[in-house]
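Chemist: with the sequence up front, the predicted model follows.
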Amino acid sequence: MAKEKGISTVIGIIIIVVFSAVVFGGVFAYQYLIQPKEQVKIENSQNIVGGDKDEHGCIGSAGYSWCEAKQKCLRVWEEKCQVTPVDPTAGWKTYTNNEYGFEIKYPNDFYPNAIDAKYDGNATDVRLNNPFELESIKYNYKLPKLNSIATLYLDAKEYKNSGFQFAYFNVGVDEDASDVATCQTLVSGPAGSGMSQKTPLNINGKTFYRYKLYDDAMGGQRGTGYVYFGVIENKCFVMHGFHAHIDSRGFSDVKVNFDDSEVSEISEKLNSVAITFKFTNTVVEMSLWPNVNTFDLVNKTFQAKGVRDSVSVKNIKVYTNSSTKISSQDMANSFNNFQDIYSAMKNWVGPEWWFTVRGTVQSDGSLSASEIFIQGQ
């Protein structure tokens, strides 16, 4: 009996040992033989092209990465991620004014005169000949000397079936000193003060203030637009866009309604022209020694030698106009305008005169003077 019990014990021990060996061997085999192979399979599957998509679905192994700017996967050596800005004025025409040194761009459906814009000279509102809102601006904003420099007209056929009457964009300049002072009050103060929708804008480096224009004409003709004021180089620059249309609302004898979306569309076109305004000439200040024999009283010009940016200039033509500010440190002689300078120079014999002139350099190299300070001899 004792012998059988001993045999049973031995058998139990053997079973435990064998079981432990099997378990240990299984764990060993999995850790050192099976698991590494599975890891290799996983790594190999990840190295397969297409097996490594990121959260955007871009396959890195194929060279793709996510471009936030374009919202897509791309290869940077095939396509740049940066978005190329689209120039909204590409293909537009350009109006250039050499006298005042500025340019504006305008769409191809604008024209520099009403006839090219297909307006009927007999039937069109006669106020097109003198931009409709110009007189109103001169009166309401107290700028009586404001002069129209250029007017662009929107194609009359553009909105022919919607009650459209006319639309134009105008640039004016006021050089009168009193008016310029008034203009200065229009381009100061907080936005929205005193006028409708007063908004300061930086247009190509120059500050303008924009105001909303309204006009509710009788007989069913209504209009709207914007006016921009800026004081640059002692001149008041005024831009305004205006359009008129027939609208039956409130007028029983008129049967056409001008769609509100088209009102907004035309206003946007006019404003898009305004923000292209840009000065094209460089403002400089030069020391000049005028040639007294070249003073032209009719054209208000003279020629001089001088220094610009430390470089000698042998001969430069200087243009003046009614807004050119002229002053002198010579208390014995009064210089207030070109006539005064001409009178002093025409028979002068003696030392050279010395001027400090500030103005804009024109495309032909001449100088349009905004200020002349007569230093002396």
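Modeler: Sure, I can see it. Only a predicted model underlies this, so the values are computations on that prediction, with no experimental measurement involved.

Chemist: look up which helix or strand residue 179 falls in, please.
Modeler: Assigned by DSSP states H and E, residue 179 belongs to helix 177-186.

Chemist: buried ones in that helix?
Modeler: 179, 180, 182, 183, 186 (16 or more other C-beta atoms under 10 Å). C-beta: built from backbone N, CA, C; applies to glycine.

Chemist: distance of residue 375 relative to residue 344?
Modeler: Computed as C-beta to C-beta, to the nearest Å, the residue 375 to residue 344 distance reads 14 Å.

Chemist: which one of the two is surrounded by more residues?
Modeler: Set residue 375 next to residue 344 and count neighbours by other C-beta atoms under 10 Å: residue 344 wins out with 18 against 13.

Chemist: which SS state does the more buried one fall under?
Modeler: Secondary structure for residue 344, judged by DSSP: H, G, I helix; E, B strand; the rest coil, is helix.

Chemist: how about residue 263?
Modeler: Residue 263 is classified as helix under three-state DSSP.

Chemist: swap in residue 149?
Modeler: Residue 149 ends up strand, using three-state DSSP.

Chemist: which residues of the stretch 101-250 of the chain fall in helices?
Modeler: In the stretch 101-250 of the chain, the segments counted as helices under DSSP state H, counting those that start in this stretch are 132-140, 177-186.

Chemist: now do the last one, average pLDDT.
Modeler: It refers to helix 177-186. For helix 177-186, mean pLDDT is 91.

Chemist: hang on, the earlier thing: using a markdown table, lay out the buried residues of helix 177-186 together with distance to residue 306.
Modeler: Shown next, in a markdown table, are the buried residues of helix 177-186 (distance: C-beta to C-beta, whole Å):
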| residue | distance to residue 306 |
| --- | --- |
| 179 | 31 |
| 180 | 27 |
| 182 | 34 |
| 183 | 31 |
| 186 | 36 |
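
Chemist: of those, closest to residue 86?
Modeler: The closest of those to residue 86 turns out to be residue 186 (C-beta to C-beta; 33.6 Å).

Chemist: how about the nearest residue to that closest one, chain neighbours excluded?
Modeler: Of all residues beyond its chain neighbours, the one nearest residue 186 is residue 229 (4.4 Å), with distances taken as C-beta to C-beta, 6 or more residues apart in numbering.

Chemist: just the pLDDT for the one you found.
Modeler: Note for residue 229: predicted pLDDT of 95.

Chemist: which parts of stretch 261-268 are buried?
Modeler: Using 16+ other C-beta under 10 Å as the test for burial, stretch 261-268 gives 262, 263, 266, 267.

Chemist: rebuild these as JSON lines, extending it with distance to residue 78.
Modeler: Shown next, in JSON lines, are the buried residues of stretch 261-268 (distance: C-beta to C-beta, whole Å):
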{"residue": "262", "distance to residue 78": "43"}
{"residue": "263", "distance to residue 78": "46"}
{"residue": "266", "distance to residue 78": "43"}
{"residue": "267", "distance to residue 78": "42"}
